[in-house]
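Colleague: Model the structure of this input:
(2 chains)
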Amino acid sequence: MKEYLLGNAAIARGIIEAGAGLAAGYPGTPSSEIIESLVDLKGDDPMHIEWSVNEKVALEVAAGACWAGTRSVATMKHVGLNVAADPFMTLAYLGVGAGLLIISADDPFCHSSQNEQDSRRYAQFAGIPCLDPRDSQQAKDMAAFAFDLSERFDIPVMLRPTTRVSHSRSDVDIRPQAGAGQGRQRQKSVQAPRFCKDPARRVALPVHARPLHTKLLAKQQRIEEALQDTPWNRMHLSEKGGVGVIASGLASLYAEEAIEELGADISLLAVGCYPLPTNMIEAMLRHVSAVMVIEELEPVVEEQVERIAAKVNPSVKILGKGGFIPREGELDGLLVRNAIARMISREELPAATCMPPGVLPPRPPALCPGCSHRATYYAMRRAFGKNAVFPSDIGCYTMAVNMGTVDTCLCMGASITLASGIRFGGEEEPICCSLGDSTFLHGGMTGLLNAAYNKARITVTILDNSTTAMTGHQPHPGTGFTATGEPTVRVSLEELARALGAGLVETVDPYDMQATLESFNRAKEFSGLSVVIARQPCVIKSRKSGKPRRAFRVSAECKGCGMCVEFGCPAIEFKEEKAAINSLCTGCGVCAQICPASAIEEVAK
Amino acid sequence: MRTSECDLVIAGVGGQGVILISDVIGRAAVLAGKPVCGAETHGMAQRGGSVINHTRIGCRYSPLVAARSADLLVALEPAEALRFSHYLSPQGVALVNTRPVLPVTVTTGQAAYPPLEELIERLGQRCGKVIAMDATGLAERAGTAQAMNVVMLGALSRYIPLSEELIIEALSRVVPERFLEANKKAFALGKAEVE
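Modeller: Numbers count the residues shown, from 1 in each chain, chains lettered A, B, ... in the order given. Prediction:
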């Protein structure tokens, strides 16, 4: 049976078909739909699925579960692997119990990310195998295969989809009968899950780590040999030698299409697994006089091809990064086609010509109409003034960069620690940093504790919309619900902030402009560490909940001063020197409080 | 040599229902036994930004349609039609909803929204044919403005190598039961625009 499946949904299918019993992750584009699809697929199966507090936690939970004998998976986006890097590196030494799959979804071109790091480097760094799918079918098959590979070699396995795999769809062969239960039953019959004490493999003391490192290195050759024959490394050698292409993951799909379209007789090696198939690369390099290496981001394949060529055919010409294939951004079919066309002296197709600037109004992503972050930032800027420093963080609110209250964005939770450092570094102006509720729970708590302990005189604003909004409204410990929708403990941000050492903790409703301003003023004057929690549910969620909206209009009193327009809400327009409220209005009423002429009034129903 | 039977791009503004169109087409292609692939916009760009989906019917390769090679451009918003017009092949057909959605850069006075005639004219210079319709108005006639995307799907159905029967079947698997009748009406109204 075939289904038109999103890459992430296909990965979830593969995980279910392999009988995994635990999945843990932290939301992050483009990885988030994996956990969500698992929740949809699991049905009545007791599979444990959780949104963890962060990626390090997710990986450790998954590691513990695999050590207890349950096939487990940890999901995250590429930068999440930085957070999980500590357990990640040492797990490669300690190994697994049942299979352990680590999914790190890369985002070439930074569609929704702060950098475009290449997770294949991480896999190489740790010495673990990496599977690099090129479409939904491979993503599903590789996810299922990863558990067998992991168990066979006692090592975690990485699956590394990119945005164009995670968020692409294609027709996928699925096994409709493979529900969550059946796969697991198959696993359970092998061995009942329990933790087996084995200090030499579970306790990373130096005395254990040294031989484990030797063992890890010794496995590499055998893993490479096992991966060589998978269907994801495929080679076609042309009859007469000439030129060849070695392409990895999604780039191999672009290359295959380009070669088909050009109708050219070119050898092609498509690779999908790391460690790379040395024997296939050797065969290719012996067969051709020139080879183009096509891969997104880092020259991981190219570097190895160069090393192998030095041994087997030093005269072969290697083309790739530096001239033909960019090392940054994402590839596409046209770029790859033209690179191959250039290599074989065929005509290149013209690149896209977008509209010249000025023809079309830009449409950047923006805070929603009625978003409470806009109101909070408006009050923050008024209370602290333009000379204050405003470190910010990662979430929807980063899009408010034009409001003057987003001076930094580095990584999850760094707003508080950067603010502390900016203070200790000598800055004397007021400092007010901000981060979302989910970001605070992910990576902000330790920073707040550090700020309190080391006496940072800063204000921390928690923009609490009671969800993980940017990635699609996942729950977190402050929401009172788990990933599967079960009620659970609801952690109080106020109590947390006090326990972590904040001297002043206040909670405000950002839709109440006056109260928010007053709270920020008290926080600014406070001599120690202050925390303002600006709480208002995400407007997308409250709109969907069907809560009745208030309606507003602009009266004849409007002087056309433009203060409401400057506020930047998409529901406010400026027409013929007057403000007007359009149909996007959610009825938050903040603009009515900003208007100096009191010209925005609620419409009685 | 062509590597795809039919390439289309679907453009609009986050929240307009671009994904529904590509999802229905993809499912219908699977029902027809054709290979199909495509790419979607998720994440940050969805927050009121421009979104584009690629769908390739009868294709086993790249999920992305290459520049200048789309047989069809479906735009749920007129400025977005022009923004993504570089995907259209010179012979391609553009199906455009004429109802603008003003971006925040326009509402705040930082940029101007071009007149509709200018948008359509520029679009016409880049492809073989432009079919413009007030899909939002037609959807309102069908009973719900939300079905604007299905009006466009109906118009699109004239040009894609999939039977109407399969498209409607796929649609009924995606749309909630209680909205199905209004959506079928919207589909028919969109289809009639291309007759």
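Colleague: can you point me to the longest helix in chain A?
Modeller: helix A:206-228 (DSSP state H).
Colleague: Give me the buried positions along it.
Modeller: A:208, A:212, A:216, A:219, A:223-224, A:226-227 (16 or more other Cβ atoms under 10 Å in any protein chain shown). C-betas here are computed from N, CA, C, even on glycine.
Colleague: got a list of what A:Ala352 touches?
Modeller: By Cβ atoms under 8 Å, 6 or more residues apart in numbering or on different chains, A:Ala352 lies in contact with A:334, B:67-68, B:86-87.
Colleague: Next: A:Leu5.
Modeller: A:13, A:136, A:140, A:169-172, A:174.
Colleague: Secondary structure element holding A:Gly241?
Modeller: Secondary structure from DSSP states H and E places A:Gly241 outside every helix and strand.
Colleague: what's the neighbour count on it?
Modeller: Using other Cβ atoms under 10 Å in any protein chain shown, the number of residues around A:Gly241 comes to 13.
Colleague: Please report how far it lies from chain B.
Modeller: 23 Å (Cβ to the nearest Cβ, to the nearest Å).
Colleague: what distance separates the longest helix of chain A from the middle of the whole chain?
Modeller: What separates the centre of helix A:206-228 from the centre of its chain is 29 Å, taken as Cα atoms, centre = their mean, to the nearest Å.
Colleague: Determine the set of other helices and strands touching it.
Modeller: If contacts are counted by 3 or more Cβ pairs under 8 Å, 6 or more residues apart in numbering or on different chains; DSSP states H and E, helix A:206-228 sits against helix A:85-94, helix A:136-153, helix A:199-202, helix A:278-287.
Colleague: try 10 Å this time
Modeller: Packing partners of helix A:206-228 (3 or more Cβ pairs under 10 Å, 6 or more residues apart in numbering or on different chains; DSSP states H and E): helix A:85-94, helix A:136-153, helix A:199-202, strand A:273-274, helix A:278-287.
Colleague: Quickly run through the sheet partners of the fourth one, with directions.
Modeller: Pointing back at strand A:273-274 there. Looking at strand A:273-274 with DSSP bridges, its partner strands are strand A:130-131 (antiparallel).
Colleague: List of residues touching the partner strand?
Modeller: Defining contact as Cβ atoms under 10 Å, 6 or more residues apart in numbering or on different chains, one finds that strand A:130-131 is touched by A:101-104, A:119-124, A:138-139, A:141-143, A:145-146, A:149, A:157-161, A:227, A:230, A:232, A:249, A:272-276, A:300.
Colleague: Could you rerun that using 8 Å?
Modeller: For strand A:130-131, using Cβ under 8 Å, 6+ apart, the contacting residues are A:119-120, A:123-124, A:142, A:145-146, A:157-160, A:232, A:272-274.
Colleague: and of those, the nearest to A:Cys371?
Modeller: Taking Cβ to Cβ as the measure, A:Cys371 lies nearest A:Ser119 of the contacts of strand A:130-131, at 32.1 Å.
Colleague: Quick check: the closest residue to that closest one other than its chain neighbours vs B:Gly12, distance?
Modeller: Distance criterion Cβ to Cβ, 6 or more residues apart in numbering or on different chains; nearest residue to A:Ser119, sequence neighbours excluded, is A:Ser104 at 4.1 Å. Counting by Cβ to Cβ, to the nearest Å, the separation of A:Ser104 from B:Gly12 is 31 Å.
Colleague: Now tell me which helix or strand of chain A has the poorest mean pLDDT.
Modeller: helix A:180-190 (a mean of 53; mean pLDDT, DSSP states H and E).
Colleague: I meant chain B, not that one.
Modeller: Least confident helix or strand, chain B: helix B:104-107 with a mean of 87, by mean pLDDT, DSSP H and E.
Colleague: and the helix or strand that comes right after that helix, what other elements does it pack with?
Modeller: As assigned by DSSP H and E, the chain's next helix or strand after helix B:104-107 is helix B:116-124. Under the contact definition 3+ Cβ pairs under 8 Å, 6+ apart, helix B:116-124 sits against helix B:78-83, strand B:88-97, strand B:129-133.
Colleague: If we use 7 Å, what do you get?
Modeller: The contact analysis (3 or more Cβ pairs under 7 Å, 6 or more residues apart in numbering or on different chains; DSSP states H and E) places helix B:116-124 against helix B:78-83, strand B:129-133.
Colleague: so which of those is the most packed in?
Modeller: Burial of these is given as mean neighbour count (mean count of other Cβ atoms under 10 Å in any protein chain shown); helix B:78-83 ranks first at a mean of 25.
Colleague: gap between it and the chain center?
Modeller: 11 Å.
Colleague: on that earlier part again, tell me which of the buried residues of helix A:206-228 is nearest to B:Asn183?
Modeller: Nearest member of the buried residues of helix A:206-228 to B:Asn183, counting by Cβ to Cβ, is A:Leu227, at 47.2 Å.
Colleague: Let's check: the centremost residue of chain B is which one?
Modeller: B:Val74 (3.0 Å; Cα atoms, centre = their mean).
Colleague: what kind of secondary structure is that residue in?
Modeller: Under the three-state scheme (DSSP: H, G, I helix; E, B strand; the rest coil), B:Val74 adopts strand.
Colleague: Give the helix, strand or coil label for the residue in the stretch 201-350 of chain A positioned nearest to chain B.
Modeller: Per Cβ to the nearest Cβ, the residue of the stretch 201-350 of chain A with the smallest distance to chain B is A:Glu257, at 3.5 Å. Using three-state DSSP as the criterion, the local structure at A:Glu257 reads helix.
Colleague: Now it: closest residue in space, sequence neighbours ignored.
Modeller: Using Cβ to Cβ, 6+ apart, the nearest residue to A:Glu257 is B:Tyr61, at 3.5 Å.
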